[in-house]
Each structure stands twice: as C-alpha cells, then as structure tokens.
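S.K.: got a structure for you, letters missing:
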C-alpha cells in the first residue's frame, strides 16, 4: 500500500508551505478539490460512458455481436488508449493527460490549482461507481441463475463445468509460469480469469438459432451456471492470495472452504429466512420497498464478503441467488433491470478505458512478449473449454458444440481482469493480454456456435433475430 | 476555498517525513485510502441510508405523514446529531467520530493509518451519490410536471405562485437581516428556501381526501408547478450570488434572465428536437436505451447548468420537463422510478444526517437565537403562503385551503437547504433553522389541509387511504 510515487504529488505543497502565509494558503487551496466541479466532472464522465456504451453496443448488435463487446471497445476508444476522455488519476503522473480535466478548465472555470485534487476526486467516484456496477451485475446474474437448470442434466453439466474450470486454470497458470516466467501470483490470477464462462452470451446465441431447448443447450446452460459458482469461488480465493501473499496449500484449502461455506451457507440460510423477508416486504407501504430491501440485503452480504477478505461480488451473487428463489423474483427483476442498465455499463466501459492496448502494439519490440502471452491465453481459453466438452459421455450429443458454447468469457472474464487490476498484482501487459483474451473469445463464440450447430443438423439455421438483443 | 484547517491533516506527514525513509513510507501510506475498504464503507453507508429511509418512511406512512419526513428524520437519527453512523469527513477534526470507521476498523481490518483517507474517500463518494440523488429527483419532478395543468386555472394559479414566492422571500430575507442581523447572502438564501412548495405532498393529501379534481385542488397544483419553475430559477440565481458574492442589481437581473432563458429556451429547443430524439431511440436495439439516452440528456443539461455557474439541478429539471412532453414519457417514468427509489433517499437521508440539531437544543443559552430564527422562518413560511391564497378573486373558492395547500416545503425546501450548505454560505444554526422549517411545514400541512377542506364542506371526509402512499 505504501506508494512512494505519491510523494511527487505532495512535494510541491511541502515546499510552497515554507514560503510564508500567502503561498501556504495557495498550497492548501491546491490540495482541495472544487466540489461543484467534481459533480460536473462525474456527470460528464457518465455522459462519456453512456455514449461509448450505446454507440459501441448498437454497432455490435448490428454486427450480430454481444453488446458487452461494444461497451468494452467503446471504453477502449474513450479511455487511456485513444481519446483519453475517461482516464484515471495516478498520483505519480507529472502531467494530467485527461481531456476531461482540460474540458472542465476551458468550459467550467476549473482553476489549474484545483485540477489535481478535482481529478483525483472524480476518478475516485467513477471507480467506486464502477465497483457498484459490478456488484449490481453479479446480483443480477445471481438473480437470473436458475439453480433448477442444474438438475435435469446435472451429472454431465457438472463434469463439463469442473473440467472446464480445472483444464484452462492449470494449463494457463503453468504455461505462464514456465513459458513466460510470470511470477506465481499473477500466473494464478490469469489462470483463474480463464475459468469463467459467460452464460448470457451463449444463451442468447442458442436462443437465436433455436437450440436453447436442445440437450446440448441444456448441458451448456447447466454447466455455465455451475461455472459461475465455481468461478466466483476461484476468484475470491485468488484475490485473497494476492492480498495476503500466502499461497500455502493449507491456506488455499481454508479459503476454498470458507468461500464455499459463505456461498452455500448463504443460500441455505436464505432459504430458511426468505419467507420472513417476503412477509416483511409485503407489509411495507413506501415506494420502492422491494428494490431497496433487496439492495440492502445485497449490500450487507457484499460488505461481509469484503470484510472477511473474500470479495464483495461473492456476497452480491449470493444475495441474487437467494432472492431469485423467492416469490418476489419477477417483481424484483423488473426493478433491478433499470438499475443494472444504469450501473453495469459504467463497469464495462471503465474496464475498457483503463486497459492500455498500446502495450500490445506489435510495432514496439518490447511488446512482443505481451502479445505472445495474449495468444497463449486465447489458445488455452479455447482448447480448455473444447476439451471439457468432450468429457460428456451421453451418446448422440454434439460434444464439440458444448465446448464451443463454453468459450465466451464475456462479463465474467472482465470481472476477473478488473479485480486483478485493483489488487495491483497484474503487470500492464498481462492485464491487456487477459482483456484481449476476453474480447476474442467473446467475439469468436457466436459465429463458431452457429457453425458447429449447423454442421450437425445439416439444415440452414433460422436467420439470427437481431431484435432479441433488445430485452 | 482556502481552508487552513486542512493543514492539521497534513502536518503529521510533514513531520514524520523528516525522520527518514521508513517513517516517510509510513507517512505516505497514511495518506492513502484502503481502496477495497472504501467500497466496503460505501456499501455500509448505503445500508445505513436505506435502513434509516425505510424505517423512517414506514413509521411516517403509518402516522399518515409524508414518507420524505421519514427519510429526513431517519437521517437525523443516523447522522451527526445522534448515532454518528453516517457522518462526513471534515479535515479540521482532531478525532474521527464516525461509528462507521470504527466498525471498519473492528470488523474489516482497516488500519488506523489508513482511517483518515479512507473516511475522506467514503465521505466524498456518498456526498456525490447524494448530489446524483438530487439530480435524479429534479429530473423526476420535471418529468412528472404537467405543463398543461397550468392552463385551466392559469391566471389564479399564476398569481398564487408569484405572490407565494415574493411574500415569503421578501419577509424572510428582510426579517432575518433586520431582526437577527444575518448578513445579506445567507439571508437571501434562507428567504429563497421559503419560496418552495412540494407539489407531491399536497397532491397526495388532496387525492386522499378526494379534492384533487376540485377547483381549489386544480389551482394548488397549477401554482405548485409554476412554483417549482420559479423556485428553481430563484435557487440558481441565489446560488450564483453566493459563489460570486456579487449582489448588484444588474448582476441579479442578468442571472434571472439567464436562468429563465436556460429553462424556457431548453424547453423550446427540446420541443423542436424531441421528435428526432424519439425517432433515434426507437431505432436503438440494446438494453435500457430509453433510460440511458434520457439520463445522458439530463446529465448533459446538468453539466451545462453547472458549467455556466447556475445549478446542475436546473439542467436536470429542464431535461425532465422536455422529455416529459415526448411520447416516451410513460415508458421513461416507469424506468426512472427504480433509479429514483435507489438514489433519492440517499439525498434526503444525507441532508438529515448532516444537520446538527444539537445547535437548536433549547437547554443551551447560545442556541436561543437559532431557535428564534427557526420560529420566525416557520411563521413566515406559513403566513406567506396563506396570504398568497387570499389573492384568488374567483368567487366561491376556499381561499384558506389554497394557501394551506401551498405550505409544505418538502423535498424542494431540502434542495435549497442542501445547496446552501454546499456553498458554505449558511451558518450551522441558520441551516438547522431552515431544516426545522421544512420539517414542520411538511408535518403540519397534511392535517391542516384535512381540517380546512372539512370546514368548508361540512361533511366528514373519506378516511385517508394509507395504501395510496405505495405507488
């Protein structure tokens, strides 16, 4: 946590303060953000985020790609890589390279002396809004997870999920350590990011080609639900390893157990308590009781998740799973959708904006290793899930299609990358390589899925219904 | 902006830094917030806010009082006055009196060295969320304002509104200056806070007693719509006076004109452009297009409002008025409601939490002047609106009922108090006096309205339908 670069920030104040009262006051003023302009800057940042998300999303939908890719690529465009409209304060930077701060100075009268602290405050607020975005995202994913989906094709789905977590995790971690000499902690983190499966993207494509009800579709959905649960446990464990630096087997075992107990225990306790909760909410007479009581539970569990050194999103996901099984589910989902529409793009766009794709520019020789890592991660990401698909022994099943269906990392992969970035464990090039892996797997899965399902049935597929992207 | 008290905060770092590398690192670490615990603290603050809002609101609904009073009183209970769960960082404080920070230290492992910057970051984020709350509130009020309501009883409504703004503003400002020797700027601000009328509270009570369709009800609603528009112009002008300190007549005239032009010009430009906007939104295929495009417009206008040194909420209100006239109004309102349910209580509870009612404790002799001011403001608040009601010349009208209907200041009065607090223009006792005025007018209006309507009709009123508070 000790960050010597922050010293650069405070040094001017220190020296100016020696000069006497006037310059001392100037120094103090320099350290204070311009509050109304923090609000203005946050508003402008949100406008940039929403424009990037909508323009990117609409282009992707028209190209038959998942809208989340649009958020991410939109974020890359407005972020540090290109336009620098949405950049984040780093205390060590000698100059502020934020187009936003320049805009505040030229249009809203921000004083140069207040620029740094105002920039720092805006960055802090947008970062926290983005964290709230991922908490709302995981709450919504939990809310929409149908634990019942697991039952029908439980055994094959379970095998696909477990192999699909172990294979890419092991191959990714060991490969990065041995081929690229990445230290153990970032290697584990990148390996963990390879385990995720984005159920939303595959489910949407399967619905479009009319295969959601097929055996393969059911196994994929079941495995993806379980994958979310396994993935979030892996993430919580790995994030704790990063925080504590303790990679002993006993500690890892302890963490896996505590994350599992938190999630499973939460669900069981939730089942026991939820009738009382439903009865309470039905007696509330003020506006927004369903939403606010649900958010309160989600935030309490998120707080506990963070306080026990696991992850806040583990709590949000558990809250979603619990409340998704109550009779309030439908009403709650309808009210969470606008909140998620507002918060979740902040997370995706911020992830894109923080990613410096410049570190993967092939024209710079020192970037080649990062590019090689990206290619390695993409290969493992695809092969690991395809192998998992072939573990299904049920006869008459398109096993390749199952593997392909598990490929897109989508929003869940981004959550891993973002958590890794927050802990500071990942190097810039490894982080960019993970983001590239997420983008490419998400980008490739929809067309590949169409091809493998077409190859089996021999019939032309229903033309993809673009409208179905509008929920 | 120069705040010498902030010096206290940095002094320890300065001295420790002289001691050598180790203590220098410690000092730098001390200046850095614990990021995951900032998220945890924000989550915990939101839990406190939602619990305060729901418990307070439910009690008020059962006592037949407006739920907004519950938010406010709930905020007072959890805030600086009583529990200190939700308190805000002040750089000058020698000790941190936040129960929340103590909780983070004992349950989530917050290091004492990181306590101050973490507290500062949490306070910053919650303050900005509260600002977003008031922006969403004014956007929703704008969206629900039916400009058509003004037409039917236009002339009497206009007179009631104008007199109801001028009377309390003049009496309040001059009274504070002459009776209590309050300086001109805070006196103007407190006078401005007296102008507001909360349309929501009166409309709800009128609906409950079946008088919303009566002539009196229509005049009250028309006047309250206009009152919102006049009030927000007054607020923007007064807030600018506070920022610039320029109270010359030419500047005031210029500000009134520019705020009026901003609002009226925005509405006209909006009428012209909104068909293109509706056509664009109908072509969007991604999730949440209606909500996000509307928020983008609201945030852009809010930014412009802030950038031209008026107020962000003026822009949000204009955006609400504009979009409320498009054919998307119904769909948009349905989606804004959950967002408002989530954000608006943050604003109300924070206003309550920041109010130190201790300064009105009558047992302390030095508080007596603040109490006298509160009583004076409440008297002017009630009499000013009652007088405005008697300006209606239409025969057969219950003129007292109209005046009483204009009394509750509700959320609009709180917006004034909060803006005044942010600018730093108000003394602590004047701010608490304004909050007391808002609480009491909001508290008194519903029972008084029932009495005056009953007095006229001579019939017993319909029993109040508590359920109608649930929207």
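M.R.: Yep, that arrived. From a predicted model like this one, the values you see are computed outputs, not experimental measurements.
S.K.: For the helix or strand hosting residue A:322, name the packing helices and strands.
M.R.: If you go by DSSP states H and E, residue A:322 is part of helix A:312-324. Packed against helix A:312-324 by the contact rule (3 or more Cβ pairs under 8 Å, 6 or more residues apart in numbering or on different chains; DSSP states H and E) you find helix A:112-144, helix A:215-244, helix A:249-282, helix A:289-307, helix B:35-62. From N, CA and C alone the C-beta is placed, and that goes for glycine too.
S.K.: Would you reformat those as CSV and include distance to residue B:333?
M.R.: Shown next, in CSV, are those (distance: least, Cβ to Cβ, whole Å):
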stretch, distance to residue B:333
helix A:112-144, 21
helix A:215-244, 34
helix A:249-282, 23
helix A:289-307, 16
helix B:35-62, 21
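S.K.: Tell me which of those helices sits nearest to residue B:250.
M.R.: helix A:112-144 (28.6 Å; Cβ to Cβ).
S.K.: Tell me how many other residues surround the closest residue to residue A:284 other than its chain neighbours.
M.R.: Spatial nearest neighbour of residue A:284, chain neighbours left out: residue B:58 (6.0 Å); criterion: Cβ to Cβ, 6 or more residues apart in numbering or on different chains. Counted with other Cβ atoms under 10 Å in any protein chain shown, residues neighbouring residue B:58 total 19.
S.K.: How about the one 5 residues further on?
M.R.: Residue crowding around residue B:63 was assessed by other Cβ under 10 Å; the count is 12.
S.K.: I'd like to know how far residue A:135 sits from chain B.
M.R.: According to Cβ to the nearest Cβ, to the nearest Å, residue A:135 stands 8 Å off from chain B.
S.K.: who's in contact with that residue?
M.R.: If a contact means Cβ atoms under 8 Å, 6 or more residues apart in numbering or on different chains, then residue A:135 has A:298, A:299, A:302, A:312, A:313, A:316, B:43 as its contacts.
S.K.: can you rerun that using 7 Å?
M.R.: A:302, A:312, A:313, A:316 (Cβ atoms under 7 Å, 6 or more residues apart in numbering or on different chains).
S.K.: and what of residue A:66?
M.R.: By Cβ under 7 Å, 6+ apart, residue A:66 lies in contact with A:60, A:201, A:410, A:442, A:446.
S.K.: how far away is the first one from residue A:201?
M.R.: Computed with Cβ to Cβ, to the nearest Å, the distance linking residue A:60 and residue A:201 is 11 Å.
S.K.: Compare neighbour counts for the two and give me the winner.
M.R.: Counted by other Cβ under 10 Å, residue A:60 and residue A:201 do not tie: residue A:201 has more neighbours, with 27 against 24.
S.K.: What lies in contact with whichever strand or helix holds that one?
M.R.: Here residue A:201 is covered by helix A:199-208, with elements defined by DSSP H and E. Helix A:199-208 is contacted from outside by A:66, A:212, A:217, A:220-221, A:224-225, A:228, A:405, A:408, A:410, A:442, A:445-446, A:449, A:464-465, A:468, using Cβ under 7 Å, 6+ apart.
S.K.: The same query, at a cut-off of 8 Å, please.
M.R.: Against helix A:199-208 from outside (Cβ under 8 Å, 6+ apart): A:66, A:68, A:141, A:145, A:212, A:214, A:217, A:220-221, A:224-225, A:227-228, A:405-406, A:408, A:410-411, A:442, A:445-446, A:449-450, A:462, A:464-465, A:468-469.
S.K.: Give me the distance between that helix and the centre of its chain.
M.R.: Centroid displacement of helix A:199-208 relative to its chain, using Cα atoms, centre = their mean, to the nearest Å, is 18 Å.
S.K.: which residues sit in contact with the residue nearest to residue A:284?
M.R.: Applying Cβ under 8 Å, 6+ apart, one finds that residue B:58 lies in contact with A:284, A:285, A:286, B:70.
S.K.: Quick one: neighbours of the first one, just the number.
M.R.: So the one you mean is residue A:284. 17.
S.K.: if I read this right, it contacts residue A:296, doesn't it?
M.R.: No. Here residue A:284 lies out of contact with residue A:296, judged by Cβ atoms under 8 Å, at a distance of 11.7 Å.
S.K.: who touches both of the two?
M.R.: Shared contacts of residue A:284 and residue A:296, counting by Cβ under 8 Å, 6+ apart, come down to residue B:54.
S.K.: What residue, apart from its backbone neighbours, is nearest the most centrally placed residue in chain A spatially?
M.R.: Centroid-nearest residue in chain A: residue A:415, 2.1 Å away (criterion: Cα atoms, centre = their mean). Nearest non-adjacent residue to residue A:415, counting by Cβ to Cβ, 6+ apart: residue A:134, 5.7 Å away.
S.K.: same deal with residue A:341?
M.R.: residue B:288 (2.8 Å).
S.K.: Run a quick neighbour tally on the residue nearest to residue A:289 when sequence neighbours are not counted.
M.R.: Nearest residue to residue A:289, sequence neighbours excluded (Cβ to Cβ, 6+ apart): residue A:281, at 5.6 Å. Taking other Cβ under 10 Å as the criterion, the count of residues near residue A:281 is 18.
S.K.: Could you check how far residue A:281 is from residue A:240?
M.R.: From residue A:281 to residue A:240 the distance is 34 Å (Cβ to Cβ).
S.K.: And for residue A:174?
M.R.: 21 Å.
S.K.: Between the two, which is the more surrounded one?
M.R.: Per other Cβ under 10 Å, whichever of residue A:174 and residue A:240 has more neighbours is residue A:240, with 22 against 13.
S.K.: I'd say that one and residue A:306 touch.
M.R.: No. Using Cβ under 8 Å, residue A:240 is not in contact with residue A:306, being 11.1 Å away.
S.K.: Quick check, residue A:45 in contact with residue A:86.
M.R.: Yes. Using Cβ under 8 Å, residue A:45 is in contact with residue A:86, at 6.0 Å.
S.K.: Which neighbours do these two have in common?
M.R.: Going by Cβ under 8 Å, 6+ apart, residues that sit against residue A:45 and also against residue A:86 are A:100, A:126.
S.K.: Return the residues of the stretch 301-450 of chain A in contact with chain B.
M.R.: Residues of the stretch 301-450 of chain A found near chain B (Cβ under 8 Å from any Cβ of the partner chain) are A:302-303, A:306-307, A:309, A:312, A:335-342, A:345, A:422.
S.K.: Farthest pair within these?
M.R.: By the measure Cβ to Cβ, A:309 and A:338 form the most distant pair in those, at 32.7 Å.
S.K.: quick one: low-confidence parts of chain A?
M.R.: Within chain A, the segments meeting pLDDT under 70 span A:1-32, A:148-152, A:199, A:455-471.
S.K.: domain assignment for it?
M.R.: A:1-31, A:33-119, A:130-469 (automatic domain parsing).
S.K.: so can I have CSV of these showing distance to residue B:236?
M.R.: Shown next, in CSV, are these (distance: least, Cβ to Cβ, whole Å):
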stretch, distance to residue B:236
domain A:1-31, 26
domain A:33-119, 12
domain A:130-469, 26
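S.K.: Tell me the residues of the stretch 51-200 of chain A that contact chain B?
M.R.: A:51, A:53-54, A:57-58, A:61-62, A:67, A:70, A:107-109, A:114, A:121, A:124-125, A:127-128, A:131-132, A:135.
S.K.: run the last query once more with 7 Å
M.R.: A:51, A:54, A:57-58, A:61, A:67, A:107-108, A:121, A:124-125, A:128, A:131 (Cβ under 7 Å from any Cβ of the partner chain).
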